[in-house]
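# Fold the following, please.
(2 chains)
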Amino acid sequence: MGRYVARRLLQMIPVFFGTTLLIFLMVYSLPGDPVAGLFGDKGTDPATLAALRHEHGLDQWIGKQYFDYITGILFHFDFGTQIRSGREVTEVIGAAFPVTLRLAFLAFAIEIVLGLALGIVAGLKAGKLADNVILILTLLIISMPVFVLGFIIKAVFAFQLGWITPTVSNEETWGELVAPAIVLGSLSLAYVARLTRTSMAENLRADYVRTAVAKGLPKRRVIGVHLMRNSMIPVVTFLGTDIGALMGGAVVTEGIFNVKGVGGLIYDSVLRREGLTVVGVVTVLVVVYLIASLLVDLLYAVMDPRIRYA
Amino acid sequence: MRGAKSAKWVTGAIVVALAATACGGGGGKNAGAKGEVDPNGIYSIEVGEPEKLLHPADTMESNGSIAMSGLFSQLVDYDADGKIVNVNAESVTTTDSKLWTVKLKPGWTFHDGTKVTAESYVKAWNWAANINNKQGNASWFADIKGFEALHPEAEGAKPTAEALEGLKIVDENTFTIELNSAVPYFAYKLGYEVFSPLAASFYADPAAAGEKPVGNGPYKFKSWEHKKQIELTRFDDYKGADKAKNGGVILKNYTGVEAAYEDLKAGNVDVLRQIGPKDLPVYRADLGDRAVDQAYSAIQTLAIAYYADQWKTPKKVDPKVIQGLSMAIDRDTITKTVLQGTREPATGWVAKGVLGYTPTGSGDVTKFDPAKAKALIAEGGGVPNNEIFIQFNSDGGHKEWVEAVCGSITQATGVKCTGDAKPDFQADLQARKSKQVKSIYRSGWVLDYPVNANFISDLFRTGAGGNQGGFTNPELDAKIAAADSAATLDESVKAYQAIEKDLVNYMPSIPLWYYKVNAGYSEKVQNVKYAQDGDPILDQVEVKK
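Residues are numbered from 1 along each chain as shown, chains lettered A, B, ... in the order given. Okay, here's the model as predicted:
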């Protein structure tokens, strides 16, 4: 087990370098000069452009730029500075992450609690009315674009009933984040419910469940421990990758609810050609993904003792 | 009274905000019943995160300059008709338009209590003009003698002087500005925020000062929560006539215009700068007399990329062809339908609200006349390849009207017309800069100072900053030079009016329409006015009790 974890951690190194290099190259191959873009329609003189380019190292060979960038991160935890605002990228990320983290946490909690509950009900009552209702409901959610759901929730709860404010204020309280978290988590919630349902319905007919029932174990124990544990493997796999998706993929939801988080930051930075910010945010997200998938792999062994790591 | 503040040109961010596609037109903006005013009331405005540090000489986009307009006062300002008004200056005088004498009103202080003196101005301008400080608006000082020494054009060149030769301090409240050559409207430029004074504390750490600016304006800086809000509070010792009628203003950051509009309806924000396309059809009904629909001094044009092969080989294109294309555009219908009344058809190259604006600047080349359009194009030898491309940035909401313009041209003249979409404003600029525009690109211009020269000299002079289409004409350059060396402002403005009338013979660009402010405000505030650059005037807003 220890060796497995160590090997997995070592594997993260090439992944880390590979992804950062790729993103770095992609951002720099986008058309448009980040420095020239500062001056809009009017433009500026070549002297100022050259001086700014030099200051940010943009006049260097791309390989050298990447090398400087990576060594900056590794040895000084320096993610560079933004071209326009002159702010440190670490500071920019530090401002955006906490709110997205909270939003993602709420969405994740909603999707686990509701998704699992719906999935378990549907799985145990496969083919019955409850199952069909849940299937239709989740189908509806899956087929609805995020912004439509966002606007429906706003229209009903903010404008009609007045229960919530239409946008998240600068304090970003937990209460304000519930509505965007529901929107953000709803799609995954539907997937979690469906994965759980299928996996439960299938395992209900498995030998070990029949054995457990035959042993005379109480129903709660059969479902809660024997059935659930095995059925959770595909669900946990999905949840693991979803953490990263929730953190980075919230562009639309954050836009609708005026949350100044990571999604908007990436969007803004791509638009403004803030290469270092994009790479920095993505690097953090890559690390989140790597850790989440490591945790998922470790959880496998806990859930299904037949899975063992050499 | 502070009628208007100096403006800036449109950047990508602003163009996105201006991306109007739908709206109901017409209607006035009667002031509602006047409520009792709380002189210390604080209100909020929807503003995006400034792109850069808050340095007066480096702020070019709207989000930064709206904060600047509260924090800094300049020597002069303009009223709503484009007339000059002294602010920090007691007088700005000249006899030959070349040597200017500035006298300051005594007793002004910066927000930190230090005096505003002639040195505050001279030192600030020297700093801003110096290439080492990389200020984006440094070129504004190019009129002043000795600029080249401080700001050499060539890449990597070092400045050979410490200060602008043309600036001389006479006494504590007087300084003189000597220009390279006569510029009759130079006093007008002085209202632009690049000409702000700086407090002595600035030079110790300019970067820190950009995060926490110390100005001399009606508001002092309180806090800046990045990407969230900037708070300004009234500066009680302010000596200017444009003293704030409220206790302060919060510049609130929104992820989009739609979210801001919803917050306006929910009462969480008080003043908007722009209504998003989604809400334009309903905002008038929602807001009643709090809905704003007002013209401001900005124009949208189709600029011709004269360097493109299409226009120069085998021979230079006849301006008649461009005139024909212009007359093939049905501006009235497009502004009414596709742009749903958020623009007004242009009748010249100079936008409304600036000194020297005439309603007939472009003669009849902006009138829709398919028959004449066809005839003109034929007379001029036809459009090469019988095909044109209009380049635009697709992040700015321009697609719809570009298609409509193309449709209009094709229908009227049979010239094939295609929109050439670039993914975003950066890519659009890149194509302009590297001279890859195929034939025509969309261009926009918001006034820098309210004189017609700003819409002609800064756009069509050979090598001018706004002239990215490679248009060059020695005759026109000579006329501009003559207008610039006119003895008085009046004569210069008249000379530029004559040039504008003459532009139809050159057709450097096709004027399309003037911009309008479509915005609104909450029930909590009144007396919300918008300046010539389309931004709300911060100090005029009154907060109700």
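
# Residue of chain A nearest chain B, please.
Using CB to the nearest CB, the single residue of chain A nearest to chain B is A:Gly32, 2.9 Å away. Bear in mind the C-beta positions are built from the backbone N, C-alpha and C, glycine included.

# measure that residue to B:Ala303 for me?
Here A:Gly32 is placed at a distance of 19 Å from B:Ala303 (CB to CB, to the nearest Å).

# Output the below-cut-off pLDDT ranges for the chain.
If you meant another chain, say so; for now it's chain A. In the predicted model of chain A, residues A:40-43, A:249, A:309-310 satisfy pLDDT under 70.

# actually it's chain B I care about, not the one you picked
By pLDDT under 70, the low-scoring segments of chain B are B:1-34.

# and the residue of it nearest chain A?
For chain B, CB to the nearest CB, closest residue to chain A: B:Gln426, 2.9 Å.

# Go ahead and list the helix or strand containing that residue.
Per DSSP states H and E, B:Gln426 falls inside helix B:425-433.

# got the buried residues for that helix?
Within helix B:425-433, the residues that count as buried by 16 or more other CB atoms under 10 Å in any protein chain shown are B:425-432.

# and what of stretch A:199-213?
Neighbour-count burial for stretch A:199-213 flags A:199-201, A:203-204, A:209, A:212 (criterion: 16+ other CB under 10 Å).

# what's the offset of the helix holding B:Gln426 from the middle of its chain?
19 Å (CA atoms, centre = their mean, to the nearest Å).

# who touches the helix or strand following that helix?
Sequence-wise, the next helix or strand downstream of helix B:425-433 (DSSP H and E) is strand B:440-446. Residues from elsewhere that reach strand B:440-446, judged by CB atoms under 8 Å, 6 or more residues apart in numbering or on different chains: A:41, B:7-10, B:14-15, B:18, B:296-305, B:351, B:388-393, B:398, B:402, B:428, B:431-432, B:455, B:459, B:466, B:468-469, B:509-510, B:515, B:533-534.

# Within its sheet, name the partner strands of strand B:440-446 and how each one runs.
Strand B:440-446 pairs in its sheet with strand B:291-304 (antiparallel), strand B:387-393 (parallel), by DSSP bridges.

# need these in JSON lines with mean neighbour count, can you?
Formatted as JSON lines, the strands paired with strand B:440-446 follow (neighbours: other CB atoms under 10 Å in any protein chain shown):
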{"stretch": "strand B:291-304", "mean neighbour count": "23"}
{"stretch": "strand B:387-393", "mean neighbour count": "22"}
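
# on contacts alone, who are the packing partners of the longest helix along chain A?
Criterion DSSP state H: the longest helix present in chain A is helix A:89-124. Packed against helix A:89-124 by the contact rule (3 or more CB pairs under 8 Å, 6 or more residues apart in numbering or on different chains; DSSP states H and E) you find helix A:129-143, helix A:174-203, helix A:228-248, helix A:251-256, helix A:262-271, helix A:275-303.

# Any chance of those helices in a markdown table with distance to A:Phe157 as columns?
Formatted as a markdown table, the helices and strands packed on helix A:89-124 follow (distance: least, CB to CB, whole Å):
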| stretch | distance to A:Phe157 |
| --- | --- |
| helix A:129-143 | 17 |
| helix A:174-203 | 7 |
| helix A:228-248 | 21 |
| helix A:251-256 | 13 |
| helix A:262-271 | 22 |
| helix A:275-303 | 30 |
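
# among those, which is nearest A:Tyr4?
Closest of the helices and strands packed on helix A:89-124 to A:Tyr4 is helix A:275-303, at 8.2 Å (criterion: CB to CB).

# so what does that closest one touch, helix or strand wise?
helix A:2-29, helix A:62-76, helix A:89-124, helix A:228-248, helix A:262-271.

# State the number of residues packed around B:Ala207.
Neighbour count for B:Ala207, taken as other CB atoms under 10 Å in any protein chain shown: 9.

# coming back round to it: relative to A:Phe108, which of the buried residues of helix B:425-433 is nearest.
Distance to A:Phe108 across the buried residues of helix B:425-433 (CB to CB) is lowest for B:Gln426, with 35.0 Å.

# Hmm, A:Val270 and the closest one touching each other?
No - judged on CB atoms under 8 Å, B:Gln426 makes no contact with A:Val270 at a distance of 9.9 Å.

# what do the two both touch?
Here B:Gln426 and A:Val270 have A:Leu30 as joint contacts, going by CB under 8 Å, 6+ apart.

# where do the helices sit along the stretch 151-300 of chain B?
Shown for the stretch 151-300 of chain B, the helices assigned by DSSP state H, counting those that start in this stretch span residues B:186-189, B:206-211, B:257-266, B:280-287.

# quick one on the thing from earlier: of the helices and strands packed on helix A:275-303, which stretch is the most buried?
Looking across these with neighbours counted as mean count of other CB atoms under 10 Å in any protein chain shown, the highest average goes to helix A:262-271: a mean of 22.

# how about it as PDB, C-alpha atoms only?
C-alpha atoms of helix A:262-271 as PDB (Å, rounded to 0.1, in the frame of the first residue of the first chain):
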ATOM      1  CA  VAL A 262     -12.100  30.500 -10.400                       C
ATOM      2  CA  GLY A 263     -14.400  30.000 -13.400                       C
ATOM      3  CA  GLY A 264     -14.700  33.700 -14.100                       C
ATOM      4  CA  LEU A 265     -11.000  34.200 -13.400                       C
ATOM      5  CA  ILE A 266     -10.000  31.600 -16.100                       C
ATOM      6  CA  TYR A 267     -12.400  33.100 -18.600                       C
ATOM      7  CA  ASP A 268     -11.200  36.600 -17.900                       C
ATOM      8  CA  SER A 269      -7.600  35.600 -18.100                       C
ATOM      9  CA  VAL A 270      -8.000  33.800 -21.400                       C
ATOM     10  CA  LEU A 271      -9.800  36.800 -22.800                       C
END
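
# my guess is B:Ser91 is in a strand, correct?
Yes - secondary structure of B:Ser91 (DSSP: H, G, I helix; E, B strand; the rest coil): part of a strand.

# Can you tell me the SS state at B:Ala519?
B:Ala519 carries the three-state label strand when classified by three-state DSSP.

# again, but for the one 4 residues further on
B:Glu523 carries the three-state label coil when classified by three-state DSSP.

# Enumerate every residue touching it.
Here B:Glu523 is in contact with B:267, B:290, B:544 (CB under 8 Å, 6+ apart).

# so how far is B:Ala375 from the residue nearest to the last one when sequence neighbours are not counted?
Same thing as B:Lys544. Leaving aside its sequence neighbours, B:Lys544 sits nearest to B:Gly35 (CB to CB, 6 or more residues apart in numbering or on different chains; 4.0 Å). B:Gly35 sits 59 Å away from B:Ala375, going by CB to CB.

# With B:Val76 instead?
Distance of B:Val76 to B:Ala375, computed by CB to CB: 48 Å.

# out of these two, which sits in the busier spot?
Per other CB under 10 Å, whichever of B:Val76 and B:Ala375 has more neighbours is B:Val76, with 23 against 15.

# that older thread, out of the contacts of B:Glu523, which is most surrounded?
Counting by other CB under 10 Å, top hit in the contacts of B:Glu523: B:Arg290 with 22 neighbours.
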